[in-house]
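# here you go, sequence then predicted model.
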Amino acid sequence: MKKTTVLRELIKNEDIVVLPGVYDCLSAKLAEEAGFQAVLLTGAGISASLLGYPDFGLISMSEVLNHTKNIVGSVNIPVFADCDTGFGNPINVYRTIKEFEGAGVAGLFIEDQIFPKRCGHFNKKQVVSREEMVKKIEAALDARVDPDLVIMARIDARAVYGIEEAIERANVYAQAGADMVFVEAPETLDELRMIPKSVKAPAMVNLVEGGKTPLLSVEALREMGFKFASFSGSAQKTALKAMRDLFATLKATGSLDNALENIVSLEDRSQLLNLKKFYEMEVKYGVREG
């Protein structure tokens, strides 16, 4: 079954879909190993890991695209991509959809921020008009080849105009043809409850540690009626803490003796990367003798 079709089937199911945020091939493979049914490719995570920059609209479409291709190719589960604003106007969106569909993503979202955008939990966001975003959605639909490719509209208007406007935009974008909607950065439990009850399309929620949205359990989000629950930055921030602790220990002590229990073995990493397969290929293709 195509990965796009797999994702569509997940949306049709009654249960909520948990999308861990991944930012490279290793994190994607670990999420797959843990049993998640799909992953979300986080734009903020890519900007941080590839460029060392905050999510401030500084990464280009081609940089995200190349990274996305590698991640899609590294796992067997659907990958949902963060395509920012579509990297420009509706014509840019048209090309973005073509390129990311060609890269093998199962779904993606574009947002109604101005270009360049910034993280949905940063201050001083600005959004385009409803009309401009609708044209972007129309361009995305025109560019889509596989009808199962999931196109989500992200709404960043909560911080600019309030939750009511954000929900109204979500319904306008759903009416324009978006398969799903994502109201970014609601700030209270009441606002969270309003979204799945008020929008006429399946909705995603994004939980960010230290962000503007209250942190809730998957069960609580399920009861509210959300279809997707994204934990976009959790894996990378966990990795950052682990690496910071490791480097501090090494610098202070000149030894890793006290850190070894927190370091996976070479064998463990090699197994994750399927090293055995490449040994077997060497023999099969006569690169080396068995």
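Nice, I can see it.

# ok, which stretches of this structure are helices?
Counting by DSSP state H, the chain has helices at residues 3-12, 25-34, 43-46, 61-74, 90-102, 130-143, 158-161, 163-175, 189-198, 218-224, 234-253, 266-272, 275-284.

# determine which of these approaches Phe182 most closely.
When the helices of the chain are compared by CB to CB, helix 163-175 sits nearest Phe182, at 8.2 Å. (Glycine included, C-beta is placed from N, CA and C.)

# okay, the angle between that closest one and helix 189-198?
Comparing the axes of helix 163-175 and helix 189-198 via axes from the mean of the first three to the mean of the last three CA atoms, to 10 degrees yields an angle of 30 degrees.

# buried ones in helix 163-175?
Residues Ile163, Ala166, Ile167, Glu168, Arg169, Ala170, Val172, Tyr173, Ala174 are the ones in helix 163-175 that count as buried (16 or more other CB atoms under 10 Å).

# ok, stretch 72-92 next?
Within stretch 72-92, the residues scored as buried using 16+ other CB under 10 Å are 72, 74-75, 77-88, 90, 92.

# extract the CA atoms of stretch 174-189 and return them as CSV.
Provided in CSV are the C-alpha atoms of stretch 174-189 (Å, rounded to 0.1, in the frame of the first residue of the first chain):
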residue,chain,number,x,y,z
ALA,A,174,-11.2,23.3,4.8
GLN,A,175,-13.9,24.7,2.5
ALA,A,176,-11.2,25.5,0.0
GLY,A,177,-10.1,21.9,-0.1
ALA,A,178,-7.6,21.3,2.7
ASP,A,179,-7.8,17.7,3.9
MET,A,180,-6.9,18.7,7.5
VAL,A,181,-6.3,21.8,9.6
PHE,A,182,-3.8,22.8,12.2
VAL,A,183,-4.5,25.8,14.4
GLU,A,184,-1.1,26.5,15.9
ALA,A,185,-0.4,27.7,19.4
PRO,A,186,-3.8,27.8,21.2
GLU,A,187,-3.1,29.1,24.7
THR,A,188,-5.7,27.6,27.0
LEU,A,189,-7.6,24.4,27.6
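
# rounded mean pLDDT for that stretch, please.
Stretch 174-189 carries an average pLDDT of 98.

# so how far is it from its chain's centroid?
Distance of stretch 174-189 from the chain centroid (CA atoms, centre = their mean, to the nearest Å) equals 15 Å.

# what about the residue nearest to Ala106 when sequence neighbours are not counted, distance to Cys25?
Spatial nearest neighbour of Ala106, excluding adjacent residues (CB to CB, 6 or more residues apart in numbering): Pro78 at 3.4 Å. Pro78 is 15 Å from Cys25, where distance means CB to CB, to the nearest Å.

# what does Arg95 give?
Between Arg95 and Cys25 the computed distance is 25 Å (CB to CB).

# related to what we said a few turns ago, can I get the helices of the chain in CSV including distance to Cys119?
Below are these laid out as CSV (distance: least, CB to CB, whole Å):
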stretch, distance to Cys119
helix 3-12, 25
helix 25-34, 19
helix 43-46, 6
helix 61-74, 15
helix 90-102, 19
helix 130-143, 19
helix 158-161, 11
helix 163-175, 17
helix 189-198, 19
helix 218-224, 21
helix 234-253, 13
helix 266-272, 29
helix 275-284, 36
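
# so Asp142 makes contact with Arg95?
No: assessed by CB atoms under 8 Å, Asp142 is found out of contact with Arg95, at 11.5 Å.
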